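**Q** Provide a 3D model corresponding to the input given below.
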Amino acid sequence: MTIYVGNLSYQATEDDLKTIFAEYGSVKRVVLPTDRETGKMRGFAFVEMKDDAEENAAIEELNEAEWMGRVLRVNKARPKEEGGNRSGGGGHRGGGGRY
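**A** Residues are numbered from 1 along each chain as shown. As a prediction, this is how the structure comes out:
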């Protein structure tokens, strides 16, 4: 299972998240998505922990907690949708085959 952490401070780092989630168990991985164009953090993250019990404890304690001046939104991440591209990218535009 993966945890979604939303409404993050833009100053939060992977190490910051590892530290706070380590209070609830062993952190396997932290992913902080960044904007492709600006390279800036997008304000959310994904955290994977060693087991479900640890993840559930972290969700229970950290959801709606204030951290770094923001109220966190912490819940189970939803699986990526198959076939859908929510970002709107990847389409073919103009050009090819015109004479």
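
**Q** In three-state terms, label R78 for me.
**A** Under DSSP: H, G, I helix; E, B strand; the rest coil, R78 falls in the coil class.

**Q** Quick check: closest non-adjacent residue to it.
**A** Nearest non-adjacent residue to R78, counting by CB to CB, 6 or more residues apart in numbering: Y4, 7.5 Å away. Every residue, glycine included, has its C-beta placed from N, CA and C.

**Q** For the one you found, grab the count of nearby residues.
**A** As a burial measure, Y4 scores 15 neighbours (other CB atoms under 10 Å).

**Q** Enumerate the helices of the chain by residue range, in sequence order.
**A** 14-22, 52-62 (DSSP state H).

**Q** Format those as JSON lines; extra columns: mean pLDDT and distance to V74.
**A** Below are those laid out as JSON lines (pLDDT from 0 to 100; distance: least, CB to CB, whole Å):
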{"stretch": "helix 14-22", "mean pLDDT": "97", "distance to V74": "9"}
{"stretch": "helix 52-62", "mean pLDDT": "97", "distance to V74": "4"}
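
**Q** Return, as residue ranges, the portions of the chain with sub-threshold pLDDT.
**A** 82-99 (pLDDT under 70).

**Q** That one: strands as residue ranges?
**A** In the chain, the strands defined using DSSP state E lie at 2-6, 27-31, 44-49, 66-67, 70-71, 73-76.

**Q** can you list those in CSV and add distance to A57?
**A** Output for those, formatted as CSV (distance: least, CB to CB, whole Å):
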stretch, distance to A57
strand 2-6, 11
strand 27-31, 13
strand 44-49, 9
strand 66-67, 16
strand 70-71, 19
strand 73-76, 11
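
**Q** out of these, nearest to E14?
**A** Ranking those by proximity to E14 (CB to CB) places strand 27-31 first, at 4.6 Å.

**Q** angle of that closest one against helix 14-22?
**A** When axes from the mean of the first three to the mean of the last three CA atoms, to 10 degrees is applied, the directions of strand 27-31 and helix 14-22 differ by 140 degrees.

**Q** for the strands of the chain, which one sits closest to I59?
**A** For I59, the closest of the strands of the chain is strand 73-76, at 5.3 Å, according to CB to CB.
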